[in-house]
Every structure is written in C-alpha cells, then in structure tokens.
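Trainee: coords please:
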Amino acid sequence: MKSFFCLIVALALAAPAFGDVLNRCSLAREMSRLGVPRDQLARWACIAEHESSYRTYVVGPTNYNGSNDYGIFQINDYYWCQPADGRFSYNQCDISCDDLLTNDIEPSVRCAQKVLRMQGFSAWSTWHYCDGRLDSIDDCF
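Mentor: As a prediction, the model looks like this:
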C-alpha cells in the first residue's frame, strides 16, 4: 500500500511535466494572443484536433524515415526541430523538439507558422480534414 501511495504522489508531481491538454477555444485564444491572424485560427484548431487531440505533450509514432512528430501540431524532427538524441536534423525552426512538448505553446506556434510559410497548410497530413467547412471560433472570444 505504501508503494502504491508513493507511485500516486510521484505521478501527481510529474503530471505538469507532461504538458497540457487544450481545447478549440483555449488554443484559439492563446494563438490570437500570440498574434496569429484571426482568419487562420479555425484551421489551426482543426489541425491541432486531428494531429494531437489538442495535447501539447504528444510524440507521434516513428515515421517511415525514422523521424518523429512533436507537440500540439506534430512538427517533424527531420525537418523542423532538433531531437534530443542528436541525430541529424535540418532544424529549420532552430529549436529543440523538447521545446514543442511544454505547456508554453509559443515555440510550437512560431515553428508551425514557419512550416506554413514554407510549405502551406498541406504540410500537415491531416489537412484534408481542415480544407473545407470549419467550425467557427467566434464563440471563443
């Protein structure tokens, strides 16, 4: 029983380190606060919903090329961030992949905006879910 109690306490203390779970409105409000154009917020919310279920701490399964995807927008480590194991990465966002797994979504938002500028929304494999009619985020503000 004592070891069970210790395990529960350890998990409770570690939980904040695992990141956050947002929702459509909390993501839209935070991205708006970070200066993301309002007309993009519904698309970003859709991408986050389909990529990570709004979870900031998700590391996706290994891709065909040995890379992984990180954070709320599932940003790929082969091109965009430097993985902790130090394997080769283009690191276009000049960021550690671990920085994409925290409660602070600003690094994820800035990197995602760079991906958008360079490759468009179609860089996300889930884009086809977000390319048509989108749920409005007007009720979030």
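Trainee: For the closest residue in space to residue 91 that isn't next to it in sequence, list the residues it contacts.
Mentor: Distance criterion Cβ to Cβ, 6 or more residues apart in numbering; nearest residue to residue 91, sequence neighbours excluded, is residue 82 at 4.6 Å. Placement of C-beta: from N, CA and C, glycine included. By Cβ atoms under 8 Å, 6 or more residues apart in numbering, residue 82 lies in contact with 89, 91, 95-97.
Trainee: Where does the prediction get shaky in this structure?
Mentor: 1-18 (pLDDT under 70).
Trainee: That one: helices as residue ranges?
Mentor: 2-14, 24-33, 41-52, 106-119 (DSSP state H).
Trainee: and those as CSV, adding mean neighbour count?
Mentor: Below are the helices of the chain laid out as CSV (neighbours: other Cβ atoms under 10 Å):
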stretch, mean neighbour count
helix 2-14, 9
helix 24-33, 18
helix 41-52, 22
helix 106-119, 18
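Trainee: Let me have these in TSV, adding distance to residue 70 as columns.
Mentor: Listed next are these as TSV, based on distance: least, Cβ to Cβ, whole Å:
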stretch	distance to residue 70
helix 2-14	19
helix 24-33	16
helix 41-52	9
helix 106-119	8
